[in-house]
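Participant: when you get a sec, could you give me coordinates for this:
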Amino acid sequence: MNLLLIRLIIFAVLFFAGLKLYRMYREWKLDREEASADPAQLEGGKMVPCTWCQVHTPQAEAIREGDHWFCSSAHRDRFLQEQPPEA
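Facilitator: Model (predicted):
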């Protein structure tokens with residue numbers, strides 16, 4: 001009787017340890033898959049800072065004026081109005 005109880009306890013401990021190891025392995029595997037996901041899906045494009053407010057905007061959505069990038073046409077207009085006229 002005592003031997004049967006000891007075997008049952010050992011089996012239960014091994015079962016729960018195996019279950020815990022399986023869950024850890026599955027979580028590790030999912031983390032590796034997320035890290036190696038397709039970079040094209042993760043990238044939103046190159047980020048450029050707005051010359052006026054310094055907020056970074058995707059280059060595809062930013063407005064370019066010469067060498068300067070802007071997050072909106074309002075910031076571009078304000079920047080151009082406040083620039084001293086070039087001689």
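Participant: what mean pLDDT does whichever strand or helix holds residue 31 get?
Facilitator: Counting by DSSP states H and E, the element that carries residue 31 is helix 2-35. Averaging pLDDT along helix 2-35 yields 93.
Participant: phi, psi of the spatially closest residue to residue 46 that is not a sequence neighbour?
Facilitator: Once flanking residues are discounted, residue 46 sits nearest to residue 59: 4.5 Å by CB to CB, 6 or more residues apart in numbering. The C-beta positions use only the backbone N, C-alpha and C, and glycine is treated the same way. Note on residue 59: its backbone torsions stand at phi -60, psi -30 [degrees, to the nearest 10].
Participant: could you measure from residue 59 over to residue 66?
Facilitator: 15 Å (CB to CB, to the nearest Å).
Participant: repeat for residue 6
Facilitator: The gap separating residue 6 from residue 66 is 82 Å, by CB to CB.
Participant: what of residue 77?
Facilitator: For residue 77, the distance to residue 66 - CB to CB - is 14 Å.
Participant: what's the overlap in contacts for the two?
Facilitator: The contact sets of residue 77 and residue 66 do not overlap (CB atoms under 8 Å, 6 or more residues apart in numbering).
Participant: who has more neighbours, the two?
Facilitator: Remark: of residue 77 and residue 66, residue 77 carries more neighbours, 13 against 7, as counted by other CB atoms under 10 Å.
Participant: now the more buried one: which helix or strand?
Facilitator: Judged by DSSP H and E, residue 77 forms part of helix 73-82.
Participant: can you pull the buried residues of that helix?
Facilitator: 75, 76, 79 (16 or more other CB atoms under 10 Å).
Participant: quick one, what contacts the second one?
Facilitator: For residue 76, the contact set (CB under 8 Å, 6+ apart) comprises 52, 63, 65, 68, 70.
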